[in-house]
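Trainee: Predicted structure and sequence below. I'll ask about it afterward.
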Amino acid sequence: MAKFFIPVLAPTDEKRLTLAKSLIALGHEVGGGRFYGTNKGIADAVRAGNFDAVLLFGNSAVNMFTCYDGMPFILDVDVPYISLWDDSPLRYLHYIEGMRHARHKALFVIDTAVVEQLQVLGFSQAAYMPLFYTDPAVLKPVAVDGPFMPVSFAGNVQAASAVRRARLSGAAFPLSFLHQAVAERFVARRRAARDYVDVFTHLEAEGVNPWSYEWAYLANFLMSEQRAIEREELFAALDDVTVHHFGDWRDAEVPAHVVCHGAVKTAGLSGVYCGTEVNVSRCSQWPRACHERLFQTAASRAFLLHERKADVEALFEPGREVVMYGSLEELADLVRFYRERPKEREAIAAAAHRRFMSDHRPEVFARRVVDAL
């Protein structure tokens, strides 16, 4: 049995707590604490506790290089570590360049294409692992008497124009005219395609140095801009039905057919999913990944339309456990089709729930973490 250390382990952190509980359920030991802002504090705790490995979630890996005091603890303590990312590491290459060494046993990412891109960059430990933190004790089937919401989308929304203004302002980082031109060409491509455009491939083709500050800031802005654009497109495509939105809505006018409910805690999402005829998902940052909404709706035994992504097909059987759409026009057609077929929705949701409970519970993914050592 192994002894793991998680640097930032707070009662409100659902992702870390889910993994910690799963490791403990498998017979391992987990320690940690609220080590915010201090590399030395983490290093001292790891040494004192005689831990076998450190588990880093993506933001902790970046923070130890950018805003924690002292030497990054992974360079100060001779202990293996594993990093887990549900945000794209390609945003942070400037900061994590120093993590390409043998003690970094695994860099788990939720998208197989991003794994391949990282391996090309020298991260030989990059490996695929789907989202691992949907807890069936929290997200589970909920009985709803109705009336049902016709369509729901859970996720934050920000106006694309606001993201662009922030990029152009240079407040976070003053990009040169040439780099702003790189960004503008990306946005033009994305709007013309009305579909996912890969940020990594675009920046690589434009000759941007992947280890530079410029790459880091461009990647951050462009992934955020793409997400904002795709969500504007999503709501525009569903303008013939009332769409209930759950999450933050910032800097953008709310369309007449959208009802905003504000953010919902994870424990309340099952009520949203089960109280909706057709939940919809759209995955902005990833070329192939399965969105967390599919795991959440499957755990809740609710119906979801997921965009067509290659990694989904290895996790849920298309047509029986998940329905996927290609274009936004196809999404609108499928929304109309499945709203009129409640029995088909229920059968697909039940099959997805069975798949989740058998193959995608957090303990399944926790075993992969242990095996990486």
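Mentor: Looks like it arrived, so ask away. Residues are numbered from 1 along each chain as shown.
Trainee: show me what contacts the residue nearest the centre of the chain?
Mentor: By Cα atoms, centre = their mean, the mean C-alpha position of the chain lies nearest to D86, the distance being 4.1 Å. With contacts taken as Cβ atoms under 8 Å, 6 or more residues apart in numbering, D86 has the following neighbours: K15, G58, I110, L131, Y133, E292. C-betas here are computed from N, CA, C, even on glycine.
Trainee: Which of these fall in strands?
Mentor: Cross-referencing the contacts of D86 against strands under DSSP state E gives no overlap.
Trainee: Need the max-distance pair from those.
Mentor: Spatially, the most separated pair among the contacts of D86 is G58 and E292, at 14.1 Å (Cβ to Cβ).
Trainee: ok so, going back, what's the closest of the contacts of D86 to V120?
Mentor: Distance ranking of these against V120, using Cβ to Cβ, places I110 first at 18.0 Å.
Trainee: So that closest one sits against P130, correct?
Mentor: Yes. Between I110 and P130 there is a contact at 5.7 Å, judged by Cβ atoms under 8 Å.
Trainee: Give me the common contacts of those two.
Mentor: Looking at what touches both I110 and P130 (by Cβ under 8 Å, 6+ apart), the common residues are A289, C290, D311.
Trainee: In three-state terms, label the residue nearest to the last one when sequence neighbours are not counted for me.
Mentor: This points to D311. Excluding the flanking residues, the one nearest D311 by Cβ to Cβ, 6 or more residues apart in numbering is R288, at 4.4 Å. Per DSSP: H, G, I helix; E, B strand; the rest coil, the secondary structure class of R288 is coil.
Trainee: Cross-check the contact I'm expecting between R288 and T112.
Mentor: Yes. The pair R288 / T112 is scored as a contact, 5.4 Å apart, by Cβ under 8 Å.
Trainee: Quick check: which element contains R336?
Mentor: Following DSSP states H and E, one finds R336 within helix 328-339.
Trainee: ok, and what's touching that helix?
Mentor: With contact meaning Cβ under 8 Å, 6+ apart, helix 328-339 is reached by 150-151, 194, 233-234, 237-238, 240-241, 277-278, 280, 303, 305, 307, 323, 325, 344-345.
Trainee: Who are the packing partners of the longest helix along the chain?
Mentor: Ordering each helix of the chain by length in residues (DSSP state H) puts helix 213-237 first. Under the contact criterion of 3 or more Cβ pairs under 8 Å, 6 or more residues apart in numbering; DSSP states H and E, helix 213-237 touches helix 93-96, strand 149-154, strand 157-158, helix 160-169, helix 177-193, helix 199-205, helix 328-339.
Trainee: name the element L175 belongs to?
Mentor: Assigning secondary structure by DSSP H and E places L175 outside every helix and strand.
Trainee: Could you pull up phi and psi at it?
Mentor: With angles defined as degrees, to the nearest 10, L175 shows backbone torsions of phi -70, psi 150.
Trainee: Tally up the residues packed near it, please.
Mentor: 19 (other Cβ atoms under 10 Å).
Trainee: now N59
Mentor: For N59, the tally of surrounding residues (other Cβ under 10 Å) stands at 14.
Trainee: pLDDT value on it, please?
Mentor: What the model reports for N59 is a pLDDT of 77.
Trainee: OK, contacts around it?
Mentor: Residues counted as contacts of N59 (Cβ under 8 Å, 6+ apart) are D87.
Trainee: I'd like the distance between it and R189.
Mentor: Per Cβ to Cβ, to the nearest Å, N59 is found 29 Å from R189.
Trainee: And N50, by the same measure?
Mentor: Look at N50 and R189: by Cβ to Cβ, they are 52 Å apart.
Trainee: Surely I82 forms part of a strand?
Mentor: Yes. I82 sits within a strand when classified using three-state DSSP.
Trainee: Bridge partners for it, pull those for me.
Mentor: Here I82 sits in beta bridges with L55, A106, going by DSSP bridges.
Trainee: where exactly do the strands run in the stretch 251-373 of the chain?
Mentor: Counting by DSSP state E, counting those that start in this stretch, the stretch 251-373 of the chain has strands at residues 258-260, 276-280, 304-307, 323-325.
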